[in-house]
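A.B. asks: Here's my sequence, what's the structure:
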Amino acid sequence: MFREHAFWRSVLCRLSALYLIWAIVNYQTVPSTVSWAIWASVDTLALLAMRKENSPTGQLTGAVAGAWIVTLLAVFFGKPTMGSIEWVSIAGAVAGIVLWQITGNAVLAIVCSQLAVFVGAFPTFANGYNNPSQENPIAWTIWFVSCIFALFAVKKWNLAEALQPITFTVIETVMFVLVVIRPHWLL
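C.D. replies: Purely as a prediction, here's the structure:
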């Protein structure tokens with residue numbers, strides 16, 4: 001059962017990234033260069049820390065690859081922004097790296113990186129609330145479904161294995177509500 005959930009989690013995560021990439025190059029969405037660079041960096045930190053803890057990384061591997069591709073595309077098709085939330089996210093990522101190096105505890109890096117990912121999502125939440133038409137509802141729906149599969153694929157409910165899928169699920173659920181459900185409430 002876990003294998004099927006893990007398989008669909010990975011497939012859907014990659015599919016959503018491909019759909020977002022398609023939307024960017026077709027000028028249907030405008031990514032924030034700084035936000036995506038932070039997400040790619042922080043997700044890479046979490047990936048390295050989770051691998052050190054021998055935690056499953058299927059969803060995160062796809063997310064990291066997709067985030068770096070979107071970051072590169074954002075340089076050409078996106079909008080550069082750098083607010084206080086981005087600085088907090090950078091601080092969280094740096095704290096994770098420093099704590100990991102000082103303590104040798106990869107779980108601290110996972111916790112710091114996921115806090116940074118969540119805080120870094122607030123500009124996206126704001127954009128989803130204020131301008132839902134600038135976000136891609138199909139990509140957010142696919143990511144949301146991917147996260148549900150990711151939760152079912154968790155084998156051990158500990159910080160090393162479960163925190164990343166939980167963090168992603170919370171973020172994708174908020175965005176799904178803001179971009180897919182909420183616009184229909186306003187009609």
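A.B. asks: Relative to residue 136, how far out is residue 23?
C.D. replies: 5 Å (CB to CB, to the nearest Å). C-beta coordinates here come from the backbone N, C-alpha and C atoms, glycine included.
A.B. asks: Neighbour count for the two, which is higher?
C.D. replies: Between residue 23 and residue 136, counted using other CB atoms under 10 Å, the more crowded position is residue 136 (21 against 18).
A.B. asks: hang on, that one packs against residue 18?
C.D. replies: No. The criterion here is CB atoms under 8 Å, and residue 136 misses it with residue 18 at 11.7 Å.
A.B. asks: gap between the residue nearest to residue 148 when sequence neighbours are not counted and residue 33?
C.D. replies: Spatial nearest neighbour of residue 148, excluding adjacent residues (CB to CB, 6 or more residues apart in numbering): residue 169 at 7.0 Å. Residue 169 sits 25 Å away from residue 33, going by CB to CB.
A.B. asks: re the thing from before, so what sits against both of residue 23 and residue 136?
C.D. replies: Contact criterion CB atoms under 8 Å, 6 or more residues apart in numbering; residues shared by residue 23 and residue 136: residue 29.
A.B. asks: and residue 176, what pLDDT?
C.D. replies: Listed pLDDT for residue 176 reads 96.
A.B. asks: Look up how far residue 139 lies from it.
C.D. replies: 11 Å.
A.B. asks: which of the two has more neighbours?
C.D. replies: Higher neighbour count among residue 176 and residue 139: residue 139, with 24 against 21, using other CB under 10 Å.
A.B. asks: Which strand or helix spans that one?
C.D. replies: Following DSSP states H and E, one finds residue 139 within helix 137-153.
A.B. asks: And the next helix or strand after that helix, what's buried?
C.D. replies: Counting by DSSP H and E, the next helix or strand C-terminal to helix 137-153 is helix 159-176. Buried residues in helix 159-176, counted by 16 or more other CB atoms under 10 Å: 159-169, 171-172, 174-176.
A.B. asks: In the residues you listed, find the pair that's most separated.
C.D. replies: 160 and 176 (26.2 Å; CB to CB).
A.B. asks: so where is the protein shaky, pLDDT-wise?
C.D. replies: Across the chain, the ranges flagged by pLDDT under 70 are 1-3, 186-187.
A.B. asks: Which residue comes closest to the residue nearest to the spatial centre of the chain once chain neighbours are left out?
C.D. replies: Compute the mean C-alpha point of the chain, and by CA atoms, centre = their mean the closest residue is residue 168, 5.6 Å away. Excluding its sequence neighbours, the residue lying closest to residue 168 (CB to CB, 6+ apart) is residue 147, at 5.1 Å.
A.B. asks: Now do the contacts for that neighbour.
C.D. replies: 9, 59, 165, 168, 169, 172, 173.
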